[in-house]
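**Student:** coordinates only, no sequence provided:
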């Protein structure tokens, strides 16, 4: 009888770890998507906007060209 309890407990633990792994990966993917969108937005800013945030045109072009 106790073997079933231990088995169920390990199974539950493994399932929670997999769920946690997928949640972490999903969070990392979402952050990468936000970063990529921010970098793309730099390409559309005019010089005044870039100056307001302390970024030069060449820095903005470099960041916008990065894929991640």
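**Tutor:** Great, that's in hand. If you're wondering where the values come from, they're calculated on a predicted model, not measured in any experiment.
**Student:** and the spatially most central residue of the chain, what element?
**Tutor:** The residue lying closest to the centre of the chain (CA atoms, centre = their mean) is residue 31, at 2.3 Å. Using DSSP states H and E, residue 31 falls within helix 2-43.
**Student:** low pLDDT regions in the chain?
**Tutor:** 1-15, 68 (pLDDT under 70).
**Student:** out of everything not next to it in sequence, what's closest to residue 40?
**Tutor:** Nearest residue to residue 40, sequence neighbours excluded (CB to CB, 6 or more residues apart in numbering): residue 64, at 6.0 Å. In short, each C-beta sits where N, CA and C put it, glycine included.
**Student:** neighbours around the one you found, how many?
**Tutor:** 16 (other CB atoms under 10 Å).
**Student:** for residue 32, same thing?
**Tutor:** Counted with other CB under 10 Å, residues neighbouring residue 32 total 12.
**Student:** next: residue 45.
**Tutor:** Per other CB under 10 Å, the neighbour tally for residue 45 reads 16.
**Student:** OK, contacts around it?
**Tutor:** residue 60 (CB atoms under 8 Å, 6 or more residues apart in numbering).
**Student:** which SS state does it fall under?
**Tutor:** coil (DSSP: H, G, I helix; E, B strand; the rest coil).
**Student:** neighbouring contacts of the strand or helix carrying residue 59?
**Tutor:** Using DSSP H and E, residue 59 falls within helix 57-65. Applying CB under 8 Å, 6+ apart, the contact partners of helix 57-65 are 39, 40, 42, 43, 45, 47, 50, 55.
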